[in-house]
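Enquirer: What would the 3D arrangement of this be:
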Amino acid sequence: MKNLKWFYLTNVIGMIVIFLGATISVAQSSGPTQATPPAITIEALSPDANVRSAPAIAPDNVIGQIQPTETYAALGRYFEWVLIEYLPSPNQRAWVFSGVVRFHGGTIENLPNIDPSSIPPILPTATSLPPTLEANTVEAVIPTQEIIPVASPLPASLPTFTPVAITPTPVVFSEIEGPVLVIPEEEVERRVNAVKLVYSQPITLLNGEQVILLDPVTVGFAIDEEALRAEINPSLRFSILNTIITADYSPELLDAYIEDLALRYRVPAEVIFDANTLTFQVQTVGQKLDTETLRQQITTALFSPFPIGRTITMNFLPDPKPDVSVLREAILTYFNRYGIFYDSLDSVVSVYVEDLATGESTGIQSHVLHSATSTAKIGVIANYFRYVYQLPSQEIIYRMLAAIICSSNADANILMNITGNGDDLAGLRMTTDTFCRAGAGNTRVDHHFFIGPAGEGAVPVNYYDPAGAPMCSVSSPLEPAPSFPIDEGIQTTAADMGHFLSEIYACATQGEGLATYFPSEITQEECGYMLEILRGTNFSHMIELGVPPTVEVAHKVGYAAQAAADAGIVFSPNGDYVITIYMWDERLGNFDNYALSRWTVMGEVSRIVYNFFNPDAQLLMPQTPLNPNGGAACVLPSSPEEASLININAGRFDENGEPLPTACYDWPNCRPFDNWGRSE
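Expert: Take a look at the predicted model:
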């Protein structure tokens, strides 16, 4: 009863204040004419709609209430809040939520945008509503018909309101007892559009004084409008801040956006390359974007209706890695310092390096054609998984290991024959097509790998005839280089093979890469098998010599008269990367001292690349090869039943990396272990 009397008294005082204010206002006006009424006015949709000192819902900022049939000049807007002329306020201004008022002479969209900070503070006065009445005040009710004020006597009891518990968001959410009301369709659309407008505001990314605006559409953000309409309940007051939205976005588009930011705002470290030790001395540590934190921040901000919740300060982490252009210059410095001819009439060297975390790459003559030699067998096993859908038998697994780890030409030819369903030439063309469709357009496997002179023994006379694979329609432009002989039937570039390896890696680690190029043919699991097979190469030369013995390398070596190559993926502590090296030299033989010196050059290039990626754990000296006279003898399980695609060392090595007594050492000879050919 006390609250009811106070309600009466407050309203009477309010009416007196309004009446006196109006009288004073009229008395102060002068002149024969009166001001032109504002173009847009508002009135309350239901009794006792709150007006506030700020455009936010808080328990201490209510400065009064407005009623239906009372009109007030609308001066501007801030999102869904309307600034009105309100004489009882100390500065004759007040804020009211657009969802509780009806507009005359226009809509909220016709009002100018106003920055609340540009308006003098509106302080609540001593006449603010008592707490008991504030708690039971309705913020918005949409009536089904016009509400006509009823004169006294008052009803025996006032309607009751049940506010929900206060959440961390300063929003009051009340429910009205009574019949369910129906909201006009145009009002539903207005509310839907109001919510969409708030969530379409750009997300602000701050990088120092730089401001970056992210349009939610860029990352595929979209609100489910049907679900939103279902959330608009006529028995609850409407508030954008309280409206639960169902929305979605594209993680792929978000990742692409963040990757672009990371590339643009990375500050590389400043380093000096020491050509004597092939190491890098960091002068200034760089910085890189904290992509994981930013991904979480943007995901959260997309679903926040508050401007402060849609503002993100970008965080950066220390980055000791320099720009990739430094790596290229370091390799060239090494070549020049030690008299290694990489673009002469006697010798051509091509190098390609790709950072698998960022996609950045660099190279030296990386688009020059070379004999692919046995590195082309990487495509042979990929092609098998593309065309043969059944799990490979133990016999086939063993042939894959023999083709990659032991570089068996015969087994590689048999795998292509199987994919061609018994047609040798078809298998060759299919292998070339797999390279082509995966982006390695300059790579070809157009004849069989050599297993003996044509026409001798079991080798048919026409065994090495070209398969006639068509030229790839999409290929990278070739670089000019000194003319040198290559095997045009089995050819590639350093960039081509490096790209193909990166696609295997992306497929195995993220389900992308080859799985994207061949969505119904190659799976992520199969790409994992490919990497595992490549991990089995234990050549102990070329790329392997340039990394610590504890670092894994998945690679394929190749060599022939006048040619040597190594193409692989290094799983280094500070990041995985691709490295491919192709060399033509007219003095190269299979296993003479000059050939070993060229293999050592490849190992030193590998060490430069490793030190570039790992400046805090550099390799000061190259590894010593297991076999001083060539590559390490190949080790395979003694029988196909022991071959594994998930543990490549099964049946091969013990935990110390030594051949098992039961393994086949120096396959296919399977002779007793001789300590890798080293003298005791």
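Enquirer: From residue 197, how far out is residue 120?
Expert: Using Cβ to Cβ, to the nearest Å, one gets 27 Å for the distance from residue 120 to residue 197. C-beta coordinates here come from the backbone N, C-alpha and C atoms, glycine included.
Enquirer: For the two, work out which one has more neighbours and name it.
Expert: A direct count of neighbours by other Cβ atoms under 10 Å for residue 120 and residue 197 places residue 197 higher, at 13 against 8.
Enquirer: and the more buried one, what is it in contact with?
Expert: Residues near residue 197 by Cβ atoms under 8 Å, 6 or more residues apart in numbering: residue 79.
Enquirer: In a helix, it, correct?
Expert: Yes - assessed with DSSP: H, G, I helix; E, B strand; the rest coil, residue 197 lies in a helix.
Enquirer: How confident was the prediction at residue 230?
Expert: Model confidence at residue 230, given as pLDDT, is 84.
Enquirer: so the residue nearest the centre of the chain, which of the three states?
Expert: The centre of the chain sits closest to residue 255, judged by Cα atoms, centre = their mean, with a distance of 2.2 Å. Under the three-state scheme (three-state DSSP), residue 255 adopts helix.
Enquirer: what's the spacing between the closest residue to it other than its chain neighbours and residue 355?
Expert: Nearest residue to residue 255, sequence neighbours excluded (Cβ to Cβ, 6 or more residues apart in numbering): residue 295, at 7.4 Å. Applying Cβ to Cβ, the value for residue 295 to residue 355 is 19 Å.
Enquirer: So which of these two has more stuff around it?
Expert: residue 355 (19 against 15).
Enquirer: per-residue confidence at the residue nearest to the more buried one when sequence neighbours are not counted?
Expert: Excluding the flanking residues, the one nearest residue 355 by Cβ to Cβ, 6+ apart is residue 577, at 5.5 Å. At residue 577, the pLDDT value in this model is 98.
Enquirer: Disregarding residues adjacent in the polypeptide, which is nearest to residue 642?
Expert: Using Cβ to Cβ, 6+ apart, the nearest residue to residue 642 is residue 651, at 3.2 Å.
Enquirer: now swap in residue 374 and tell me
Expert: residue 558 (3.6 Å).
Enquirer: Please name the residues that touch the one you found.
Expert: Neighbour list for residue 558: 372, 373, 374, 375, 376, 407, 564, 565, 566, 567 [criterion: Cβ under 8 Å, 6+ apart].
Enquirer: That one belongs to a strand, doesn't it?
Expert: Yes - the assignment for residue 558 is a strand, going by three-state DSSP.
Enquirer: that older thread, any idea how far the residue nearest to the centre of the chain is from residue 455?
Expert: Residue 255 is 56 Å from residue 455, by Cβ to Cβ.
Enquirer: Over to residue 47?
Expert: Separation of residue 47 from residue 455 (Cβ to Cβ) stands at 105 Å.
Enquirer: Next: residue 394.
Expert: 34 Å.
Enquirer: More neighbours: which of the two?
Expert: Neighbours per residue (other Cβ under 10 Å) separate residue 394 from residue 455, with residue 394 holding more: 14 against 10.
Enquirer: So which residues of the stretch 451-600 of the chain form strands?
Expert: 490-492, 552-560, 563-572, 575-585 (DSSP state E, counting those that start in this stretch).
Enquirer: Using CSV, lay out the ones you listed together with distance to residue 340.
Expert: Below are the strands of the stretch 451-600 of the chain laid out as CSV (distance: least, Cβ to Cβ, whole Å):
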stretch, distance to residue 340
strand 490-492, 22
strand 552-560, 18
strand 563-572, 13
strand 575-585, 10
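Enquirer: Of all these, which one is nearest residue 526?
Expert: Closest to residue 526 of those, according to Cβ to Cβ: strand 552-560, at 14.7 Å.
Enquirer: The closest one vs strand 563-572, what angle?
Expert: Relative orientation of strand 552-560 and strand 563-572, computed by axes from the mean of the first three to the mean of the last three Cα atoms, to 10 degrees: 180 degrees.
Enquirer: buried ones in strand 552-560?
Expert: 553, 554, 555, 556, 557, 558, 559, 560 (16 or more other Cβ atoms under 10 Å).
Enquirer: My read is that the first one contacts residue 541, right?
Expert: By that I understand residue 553. No - here residue 553 does not reach residue 541: they are 11.4 Å apart, not a contact under Cβ atoms under 8 Å.
Enquirer: Across the sheet, point out what pairs with the residue nearest to residue 563 when sequence neighbours are not counted.
Expert: Using Cβ to Cβ, 6+ apart and skipping the chain neighbours, the partner closest in space to residue 563 is residue 371 (4.4 Å). With DSSP bridges as the criterion, residue 371 is bridged to residue 491.
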